[in-house]
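curious how this folds, go ahead:
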Amino acid sequence: MHGVRTTSGKKIDPFGTESPFGQLAARELRRVGVVDIGSNSVRLVIFDGAARSPAYFYNEKVMAGLGRDMAATGSLNPEGMERALAALKRFAALSRDMGIRPPVCVATAAMREASNGPAFRKKIEKATGLKIHVIDGQEEARLSAQGVLLGWPDARGLVCDIGGNSMELAEVEDGRIGRRATSGLGPFRLQQVKSGLRKHIREIMAGLARELGTEHDRLYLVGGSWRAIGRLDMERRGYPMTVLHEYRMTPDDVAATLKWIADSDLSDLRARTGVSSSRMDLIPLAAQVLDELVQTFAPTELAISSYGIREGLLYEQMSNSLRKRDPLIEAARFTERQMARMPGGGKLLYQFLRPLFPDAPPERDRLMHAACLLHDTSWRAHPDYRAESCFDNVTRANMAALSHPERVFIGLALLYRYKNNRQNSAMAALFNLLTDSEQRDAEILGKAMRFGAMFSAGDPLDAGALRISPKGDALELRLTDKGRALMGEVAQSRFESLCKAMGLAPVVKGQGE
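Residues are numbered from 1 along each chain as shown. From the prediction side, this is the model:
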């Protein structure tokens, strides 16, 4: 574990054995709470579900504004302290009511830098019974980067976490965190710069570039202000999906959106996107920081991460073996256990269908695996809307390690699992996130699941085996004794539909013997 120093200089280890969050087995990570006391917001998150890919069992945020005007006064905002204390009392009570361990509470820039931060910390602890860990900027950068790694195991680039009073940067590569830096580029602090704001931002950014280098192809953007700008970018582009996690932008996209924001009425943008007024007030300053960030580091791509310090606290407690698991597969397995009629059937279906895709690369194979695990989790939906329901569930699901096109690929495959065609689909705009080839592959996977799922109510390999013929011109189904009884006319029809989608002749062996 990593010891850190408090603002008083005392070394602590908030994530070690003394922490109520520390030393938890994977099964115990299924319902744990964390509190993030930031310069702008105070938030409680209670995680539940599969340990490697947790769901948000409870999530509440109060825009307390602790750090508002702090750059000028040196103290926490009085109204912000009242609102933060009331929120933390509520969070402590909620945790008790839910029967979970006391949440881990981490405070960042405002609490560590304010002259009255230590006194306010003691007041919180006395009033709530919570233990508050005030961390330094380096540790904040590390935890934010760990949050990105929780949702993005193959992350490679520079994590940039903007808060109200500070902005932290950290390198990530191969599951590890490299150089880190902290700065005073939070919007609250920038509000106090009376002249030469652009020069001020540029000078600080140049210092960050000297510390971290500029050889980073991707920036991972963490923090509410970045998410708000990402949502505005979606609005400007008419992007068909509003899931912010893993939303990608090019530098040209960012430049166009920042100009659009500058030329627009902020109240109109807020009404169109649902961004809160308190957040929208900070967007012009955050936009100037982002503009300089892009110009200084010159990335080829920027990606929005919904995961940050709170998720980093959870990642902190995962063993290395747990960290190496695929979050997508873990989430799909958990969903299957909770919602499928016959949990475990997804793995059997996946094994039955694998011979259809012998050359699938690992990145495609994991999507096929996840789709099979999810293939029976929407069965409670009305039959007339089941196809659209499962598509919607996947494209909007809280799943990590899944890009937007990958969401659509799995969703489209599941749509075909329940429906033979997608004519007049209300989801059509999202299909364009896939190439024509990817849409065809999703159709083949969906029709393969459509056949395999009804071919046998048990293990389909007990009923038959699939293979593409040696000449590559036919799809062969070799039936077992059990399979001959199961190969009725509906199964035959679905098998033929699959073959048609693949452009192969249907061949059934062992039928009628």
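
mind checking how far N424 is from E388?
N424 sits 11 Å away from E388, going by CB to CB, to the nearest Å. C-beta coordinates here come from the backbone N, C-alpha and C atoms, glycine included.

which one's more surrounded, the two?
It is E388, of N424 and E388, that has more neighbours when counted by other CB atoms under 10 Å, with 19 against 6.

the more buried one is in contact with A428, isn't it?
No - between E388 and A428 there is no contact, the gap being 11.0 Å when judged by CB atoms under 8 Å.

in the helix or strand where A92 lies, which residues are buried?
Counting by DSSP states H and E, the element that carries A92 is helix 78-98. Burial within helix 78-98, assessed by neighbour count using 16 or more other CB atoms under 10 Å, is assigned to 80-81, 83-85, 87-88, 91-92, 94-95.

gap between R176 and E246?
21 Å.

which SS class is the closest residue in space to F455 that isn't next to it in sequence?
Computed as CB to CB, 6 or more residues apart in numbering, the closest residue to F455 that is not its neighbour in sequence is A491, at 5.2 Å. Classification of A491 by DSSP: H, G, I helix; E, B strand; the rest coil places it in helix.

ok, now which ones touch A491?
A491 makes contact with 451, 454-455, according to CB atoms under 8 Å, 6 or more residues apart in numbering.

check those residues for burial and list the buried ones.
Burial by neighbour count, 16+ other CB under 10 Å: within the contacts of A491 this picks out 451, 455.

wait, isn't A426 in contact with E388?
Yes - with contact defined as CB under 8 Å, A426 reaches E388; the gap is 6.4 Å.

what helix or strand does R180 sit in?
strand 176-183.

can you list the domains in the chain?
Per the record, the chain has its domains at 4-135, 153-306, 327-509, by automatic domain parsing.

among these, which is nearest E316?
Closest to E316 of those, according to CB to CB: domain 4-135, at 4.9 Å.

surely Q191 and L285 touch.
Yes - contact criterion CB under 8 Å: Q191 and L285 qualify, at 6.7 Å.

so between those two, which is more surrounded?
L285 (21 against 18).

now that one. Nearest residue, chain neighbours left out?
P187 (4.1 Å).

stretch 397-406: how far from the chain's middle?
Put simply, stretch 397-406 sits 7 Å off its chain's centre (CA atoms, centre = their mean, to the nearest Å).

my bad, should have said stretch 223-235
15 Å.

would you mind writing the CA trace of it as CSV?
Output of stretch 223-235 as CSV, limited to C-alpha atoms (Å, rounded to 0.1, in the frame of the first residue of the first chain):
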residue,chain,number,x,y,z
GLY,A,223,-14.0,15.0,-13.7
GLY,A,224,-17.4,16.6,-13.9
SER,A,225,-16.2,19.6,-16.0
TRP,A,226,-14.7,17.3,-18.6
ARG,A,227,-17.8,15.1,-18.7
ALA,A,228,-20.0,18.2,-19.2
ILE,A,229,-17.8,19.3,-22.2
GLY,A,230,-18.1,15.7,-23.5
ARG,A,231,-21.8,15.9,-23.3
LEU,A,232,-21.8,19.3,-25.1
ASP,A,233,-19.6,17.8,-27.8
MET,A,234,-22.2,15.0,-28.3
GLU,A,235,-24.9,17.7,-28.6
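
what are the buried residues along it?
Those would be 223-235, for stretch 223-235 by 16+ other CB under 10 Å.

okay if I get those as TSV plus distance to L367?
Output for the buried residues of stretch 223-235, formatted as TSV (distance: CB to CB, whole Å):
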residue	distance to L367
G223	29
G224	30
S225	32
W226	27
R227	26
A228	30
I229	29
G230	24
R231	26
L232	30
D233	26
M234	23
E235	28
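
closest one of these to F495?
M234 (41.0 Å).

ok, the closest one to T273 distance?
In terms of CB to CB, M234 sits 8 Å off from T273.

again with R189
Using CB to CB, R189 is found at 25 Å from T273.

more neighbours: the two, which one.
Using other CB under 10 Å, the more surrounded residue of R189 and T273 is R189, with 24 against 15.

host element of the more buried one?
Going by DSSP H and E, R189 is in helix 187-190.

could I have that helix exported to CSV, CA atoms only?
The C-alpha coordinates for helix 187-190 follow below in CSV (Å, rounded to 0.1, in the frame of the first residue of the first chain):
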residue,chain,number,x,y,z
PRO,A,187,-11.9,26.5,-12.2
PHE,A,188,-12.4,27.8,-8.7
ARG,A,189,-8.8,28.8,-8.4
LEU,A,190,-8.8,30.3,-11.9
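
let me know the next secondary structure element after that helix.
Following helix 187-190 in sequence, per DSSP H and E, is helix 197-212.

which other helices and strands contact the next helix or strand after that next one?
Counting by DSSP H and E, the next helix or strand C-terminal to helix 197-212 is strand 218-222. Of the remaining helices and strands, those touching strand 218-222 by 3 or more CB pairs under 8 Å, 6 or more residues apart in numbering; DSSP states H and E are helix 137-151, strand 157-162, helix 283-297, strand 301-305.

of these, which is nearest N398?
The closest of the helices and strands packed on strand 218-222 to N398 is helix 137-151. By CB to CB, the value is 9.8 Å.

just the angle for that closest one relative to strand 218-222, thanks.
100 degrees (axes from the mean of the first three to the mean of the last three CA atoms, to 10 degrees).

what's the offset of the strand or helix carrying A271 from the middle of its chain?
Per DSSP H and E: A271 is located in helix 266-273. When distances are taken as CA atoms, centre = their mean, helix 266-273 is centred 25 Å away from the chain's centroid.

that helix - contacts with which helices or strands?
helix 224-237, helix 277-280.

what packs against the following helix or strand past the first one?
Think helix 224-237. Next in sequence after helix 224-237, counting helices and strands by DSSP H and E, comes strand 248-249. On a contact count with 3+ CB pairs under 8 Å, 6+ apart, strand 248-249 meets strand 301-305.

give me the next element, helix or strand, following the strand it packs on.
Past strand 301-305, the next helix or strand by DSSP H and E is helix 309-316.

other residues contacting that following helix?
Helix 309-316 is contacted from outside by 1, 15, 21, 29, 32, 34, 36, 43, 45, 47, 54, 104, 106, 108, 140, 142-151, 161, 222, 323, using CB under 8 Å, 6+ apart.

can you name every helix or strand that the next helix or strand after it contacts?
The helix or strand immediately downstream of helix 309-316 is helix 320-323, counting by DSSP H and E. Packed against helix 320-323, as judged by 3+ CB pairs under 8 Å, 6+ apart, are no other helices or strands.

what does helix 320-323 contact?
26, 51-52, 149, 153, 175, 315.

out of these, who has the most neighbours?
Busiest of the contacts of helix 320-323 [other CB under 10 Å] is R52, holding 27 neighbours.

which ones are touching it?
By CB under 8 Å, 6+ apart, R52 lies in contact with 26, 318, 322-323, 325-327, 330.

one more: L486?
Residues in contact with L486 (CB under 8 Å, 6+ apart) are 455-456, 463.
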